[in-house]
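A.B. asks: Fold the stuff below for me.
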Amino acid sequence: MNFDDLKEITVLYVEDEDILRDNIADMLQDVCKGVFTASNGEEGYKLFVEKQDHINVIISDIQMPRLSGIEMSKKIREKSLNIPIIITTAFSDAKYLYDSINAGIDAYTEKPVDMMHLLQTIQKALLPFAQQQALLKQAYTDKLTGLNNRAALSLALEKNVHTGLMIMDIDEFKVINDLYGTETGNFVLKEFAQFLTLNKKNNWDLYRIGSDEFTFLIHEHANNKSCEKIIQKLLEKLKTYYIYQHTLDIKINLNMTIGISLEEENILETADVALRRAKETKQHYMLYSSDLSYKKVYENDIQWIHRVDIALKTNNIIPFFQPIVDKNKNIVKYECLMRLREEGKYYSPVFFLETAKKNKTYKDLTMIMLNNIFDIMQRFPQYDFSINLSHIDITNKEIVTYIMTNLTERNLGSRIIFEILEDEGLEDKEQFNHFVTVAKEIGAKIAIDDFGTGYSNFNYLLELKPDIIKIDGSLIENIHKDENAYAITEAIVSFSQRLGIETITEFVHSEEVYETLKTLNIDNFQGYYFGEPVPENKLK
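C.D. replies: Residues are numbered from 1 along each chain as shown. Purely as a prediction, here's the structure:
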């Protein structure tokens, strides 16, 4: 008989006869991974409670001092329904059989114990549990990387034996995934999972909890200083790490942002807060602290709701304008950007726009911005102006009607450009396509904003046929020294030119970046190098 499948199991063997217990345990030890022994039911139960995560099957005598095998099994079943229990007995009385069934016994074998029969009984008893474990493993395993998944993390967090948690998010993963395809994206995820596996500490568990999010669950004493030291070492290794894709013959470099929490409660949520804050402030990592608490976020929201309400009532929601220039640095158009004016200071929408969406003042902000922009356009007829619209705007009939009516009555349609994030257009294609059709009928142009950070799907360009694409600043920022960014931008520009689509690069911040971009034959440029956003009274 083949008992290889028993090599990885650990047995709890409970028997009050010393000689028999030692003999059977020795023989089990030759076949199995490990054997725990107990001399009575009470000792056996305590050992199970202590070692249950390591025990795969229980073998027990029935009649024992202090606690019988039947009573022990009943208590164990209160703790776990998922471990097979085998009874060894010299009794064939129907009452014992009845009691065994009621106690949740899975199998029994008669004394004197025949070792071959016992091993076969173990195999049979383990089979349904092995099948169940295989299903559980499938449920708790990420299919792509083979790592434990988010469900497994939730299960581990319930045990509350961790001391810290670290979430790692691959920066701009969508650029890779959507430019090179999901097959390459999946390859990158698997390789990155291997990188994290090789660089994790022995007592840290690794999980994949989202598309491009991974988590280390820490099981050792940890403090801010020790975590920072490990993170810095990991980020340093990542600087020289790259993934080589043989089919495309490309090297892919990765960056990541990390959120860490050492909190005793809500550790996953607080690590996620730290991650989001790190992204907002463009830091490589952030440790959660009380400064980032939910309470403070709520208090901040309440404060901004009040400030937005005052600004709306006092006409202090105003447009700023950032120049867009041609190859000779001549201003050809302006992008309109919302600002909240308060006591001589101007605040970007990053401070209040998401809060406004939750508070339902978002529509009021949009309407007052549109009205101000249309008025200013009439005062500056020499320029085109671009306006950012969200999915909320283009699916709101009142806003769309207001836009189309004003543009038609004021004869501004041919000078307006609607900038839309590429992923916004995919949320509701039918309504989005309707808006595009109506806008183009009055001469307006459509621009896809931040191209290169979202879906970045060239098929999407073929379907949508925008007039302009604005290449995102994440590709432009280091294009003068980043070969991958240059290659991606070059591909976007080439494809756009073939379709007759105008290209604009954002976040141009230096002469060096500008000169590099000119080699790509880009149409127009935008960034602080040419001018920061200014109010109407500073328009040229």
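
A.B. asks: The stretch 51-200 of the chain: helices as residue ranges?
C.D. replies: 69-79, 94-102, 115-139, 150-159, 173-180, 182-199 (DSSP state H, counting those that start in this stretch).

A.B. asks: any chance of these in JSON lines, with mean pLDDT, mean neighbour count and distance to Gln63 too?
C.D. replies: C-beta here means a position set from N, CA and C on the backbone, and glycine is covered the same way. Formatted as JSON lines, those follow (pLDDT from 0 to 100; neighbours: other CB atoms under 10 Å; distance: least, CB to CB, whole Å):
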{"stretch": "helix 69-79", "mean pLDDT": "90", "mean neighbour count": "20", "distance to Gln63": "7"}
{"stretch": "helix 94-102", "mean pLDDT": "60", "mean neighbour count": "13", "distance to Gln63": "9"}
{"stretch": "helix 115-139", "mean pLDDT": "76", "mean neighbour count": "14", "distance to Gln63": "18"}
{"stretch": "helix 150-159", "mean pLDDT": "90", "mean neighbour count": "15", "distance to Gln63": "35"}
{"stretch": "helix 173-180", "mean pLDDT": "77", "mean neighbour count": "20", "distance to Gln63": "62"}
{"stretch": "helix 182-199", "mean pLDDT": "93", "mean neighbour count": "16", "distance to Gln63": "50"}
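
A.B. asks: Next, format these as JSON lines and append distance to Asp249.
C.D. replies: As requested, these are arranged in JSON lines below (distance: least, CB to CB, whole Å):
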{"stretch": "helix 69-79", "distance to Asp249": "56"}
{"stretch": "helix 94-102", "distance to Asp249": "66"}
{"stretch": "helix 115-139", "distance to Asp249": "36"}
{"stretch": "helix 150-159", "distance to Asp249": "34"}
{"stretch": "helix 173-180", "distance to Asp249": "12"}
{"stretch": "helix 182-199", "distance to Asp249": "12"}
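
A.B. asks: Please name whichever of these is nearest to Val332.
C.D. replies: Closest to Val332 of the helices of the stretch 51-200 of the chain is helix 173-180 (CB to CB; 27.7 Å).

A.B. asks: If you count contacts, what does that closest one end up packed against?
C.D. replies: When contacts are defined as 3 or more CB pairs under 8 Å, 6 or more residues apart in numbering; DSSP states H and E, helix 173-180 packs onto helix 182-199, helix 483-498.

A.B. asks: Please enumerate residues in contact with the last one?
C.D. replies: Contact partners of helix 483-498, identified using CB atoms under 8 Å, 6 or more residues apart in numbering, comprise 175, 179, 250-253, 451-452, 458, 461, 469, 471, 475-479, 502-503, 505, 516-517, 520-522.

A.B. asks: and with 6 Å instead?
C.D. replies: Phe458, Ile469, Ile471, Leu475, Ile479, Thr503, Leu520, Ile522 (CB atoms under 6 Å, 6 or more residues apart in numbering).

A.B. asks: what sits against the last one?
C.D. replies: The neighbourhood of Ile522, defined by CB under 6 Å, 6+ apart, consists of Val493, Thr503, Thr505.

A.B. asks: leaving aside the residues next to it on the chain, what's closest to it?
C.D. replies: In this structure, Ile522 finds its nearest non-sequential neighbour in Thr503, 5.0 Å apart by CB to CB, 6 or more residues apart in numbering.

A.B. asks: does the one you found sit in a helix, a strand or a coil?
C.D. replies: Three-state call for Thr503 (DSSP: H, G, I helix; E, B strand; the rest coil): strand.

A.B. asks: Could you tell me how far it is located from Leu389?
C.D. replies: With distances taken as CB to CB, to the nearest Å, Thr503 is found 20 Å from Leu389.

A.B. asks: still on that earlier bit, by neighbour count, which of the contacts of Ile522 wins?
C.D. replies: Thr505 (29 neighbours; other CB atoms under 10 Å).

A.B. asks: so that one bridges to which residues?
C.D. replies: Thr505 has the following beta-bridge partners by DSSP bridges: Ile471, Phe525.

A.B. asks: So it versus Tyr244, what's the distance?
C.D. replies: From Thr505 to Tyr244 the distance is 28 Å (CB to CB).

A.B. asks: Let me see the domain layout of this protein.
C.D. replies: 4-139, 150-292, 296-538 (automatic domain parsing).

A.B. asks: Give me the contacts around the longest strand seen in the chain.
C.D. replies: Across the chain, the longest stretch assigned as strand under DSSP state E is strand 331-342. Residues outside strand 331-342 that contact it (CB under 6 Å, 6+ apart): 311, 316, 318-326, 346-347, 349, 369, 373, 383-387, 533.

A.B. asks: repeat for stretch 245-261
C.D. replies: Taking CB under 6 Å, 6+ apart as the rule, stretch 245-261 contacts 165-171, 184, 227, 231, 242-244, 267, 270-271, 274-275, 278-279, 285-288.

A.B. asks: try 7 Å
C.D. replies: With CB atoms under 7 Å, 6 or more residues apart in numbering as the test, stretch 245-261 has contacts from 164-171, 176, 180, 184, 187-188, 192, 227, 231, 238, 241-244, 267, 270-272, 274-275, 278-279, 284-288, 484.

A.B. asks: before we move on, the earlier item: derive a ChimeraX selection command for the buried subset of the contacts of helix 483-498.
C.D. replies: Remark: buried members of these, expressed as a ChimeraX selection using 16 or more other CB atoms under 10 Å:
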select :469,471,475,479,503,520,522
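
A.B. asks: For Leu412, state which of the contacts of helix 483-498 is nearest.
C.D. replies: When those are compared against Leu412 (criterion: CB to CB), the nearest one is Ile469, at 22.6 Å.

A.B. asks: re the thing from before, what pairs with whichever helix or strand comes after the longest strand of the chain, and is each one parallel or antiparallel?
C.D. replies: Using DSSP states H and E, the helix or strand that follows strand 331-342 in sequence is strand 345-347. Neighbouring strands of strand 345-347 in its sheet, by DSSP bridges, are strand 331-342 (antiparallel).

A.B. asks: wait, what's in contact with Ala125?
C.D. replies: Under the criterion of CB under 7 Å, 6+ apart, the neighbours of Ala125 are Val57, Pro84, Ile86, Asp106, Ala107.

A.B. asks: Pull out the buried members of those.
C.D. replies: Buried subset of these (neighbour count, 16+ other CB under 10 Å): Val57, Pro84, Ile86, Asp106, Ala107.

A.B. asks: surely Leu118 meets Thr109?
C.D. replies: Yes - at 5.5 Å, Leu118 counts as touching Thr109 under the criterion of CB atoms under 7 Å.

A.B. asks: So, low pLDDT: which residues of this structure?
C.D. replies: 1, 90-101, 128-136, 178, 292-298, 422-429, 453-462 (pLDDT under 70).

A.B. asks: all strands of the stretch 401-540 of the chain, in order?
C.D. replies: Under the criterion DSSP state E, counting those that start in this stretch, the stretch 401-540 of the chain contains strands at 416-421, 445-451, 468-471, 502-505, 524-526.
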